[in-house]
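**Q** quick one: sequence and predicted model below, then my questions.
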Amino acid sequence: MPRQGPSMDASKKVDLKIIIIGALGVGKTSLLHQYVHKTFYEDYRTTLGASILTKVIAVDNTPLKMQGSDGCVLAFDVTDRESFESLDNWRADFLEKVIPRDHDFPMVVLGNKIDLCDRQVSKELASAWCKEKDIPYFEVSAKNNINVAQAFETLAKQALTTYKGIFESYLTDSIKLTPDDKPKARCC
C-alpha cells in the first residue's frame, strides 16, 4: 500500500502537504507569509530549518489545501552563497526521510531576496544546479511579492499530478479480484 498522500473525495477537494526547508535566514517564514497573507514583515524571529504552509488554492479547478510534506520547497538566499551551497544537504536529508523514497518527489527551488543588490549567487548558477537535478527554479522576492504565488502553485500542480497517479493506481490495484483472492476454507 502506498504511503498516505493527499486525501481525495467526491467533491475533488485535495489536501496537499507542502514543507519549505533551507538554511537559517533565507526567508522561509517570509515566503510563506507573503503567499498565505499577501504581507511582508521585516522583523521575523529566525526559525529552525523548516516551515509549514496552510492555504487553500485552486489548481486546474481543483481546490487544494496545502500543509506539510506531499511536496518540498528548497529555499536559499541569493545574497548568501553558503545558503545555496547547503541545498545539496537539505535536499539529501529531506529525501532520506521520504518513505518510500520517490525519485521524482514534487520539489521546487526558490532563490529568495532578488530585491537586494548584494547578490552572491547568479541566476545561471542556480538554474544549472536545478536543471541537473530536474527541479523547477524560481527567482523570488518575499518582500516585493515577485514569483511567490507562481512557485507554490507550480509545486502544487506537480504534487497533484504525482499523487493523482498514485491514487488512481492504488484504486485500480485494490479492486482487482481473481480466484486466488477468495478466502481459503479452514477446518476446525
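**A** Structure's in. What do you need? Just so you know, these numbers come straight off a predicted model, no measurement behind them. Residues are numbered from 1 along each chain as shown.

**Q** for the chain, which spans come out with low pLDDT?
**A** 1-16, 37, 40-69, 99-103, 163-188 (pLDDT under 70).

**Q** where exactly do the strands run in it?
**A** Shown for the chain, the strands assigned by DSSP state E span residues 14-22, 50-52, 55-59, 62-77, 107-112, 137-139.

**Q** and W90, how far from K133?
**A** The gap separating W90 from K133 is 12 Å, by C-beta to C-beta, to the nearest Å. To be clear about C-beta, it is placed using only N, CA and C from the backbone, and glycine gets the same treatment.

**Q** of these two, who's got more company?
**A** W90 (20 against 14; other C-beta atoms under 10 Å).

**Q** look up the closest residue to the more buried one, ignoring the ones flanking it.
**A** Leaving aside its sequence neighbours, W90 sits nearest to I21 (C-beta to C-beta, 6 or more residues apart in numbering; 5.2 Å).

**Q** I figured that neighbour hits L74, correct?
**A** Yes - counting by C-beta atoms under 8 Å, L74 is a contact partner of I21 at 6.2 Å.

**Q** quick one: which of these two has more around it?
**A** The neighbour comparison of I21 against L74 (other C-beta under 10 Å) goes to L74, with 25 against 20.

**Q** the more buried one against S86, yeah?
**A** No - at 9.7 Å, L74 and S86 do not qualify as touching, with contact defined as C-beta under 8 Å.

**Q** what sits against L110?
**A** I20, L31, V73, L74, A75, F76, Y137, F138, V140, A151 (C-beta atoms under 8 Å, 6 or more residues apart in numbering).

**Q** how about the third one, nearest residue that isn't a chain neighbour?
**A** This points to V73. I20 (4.0 Å).
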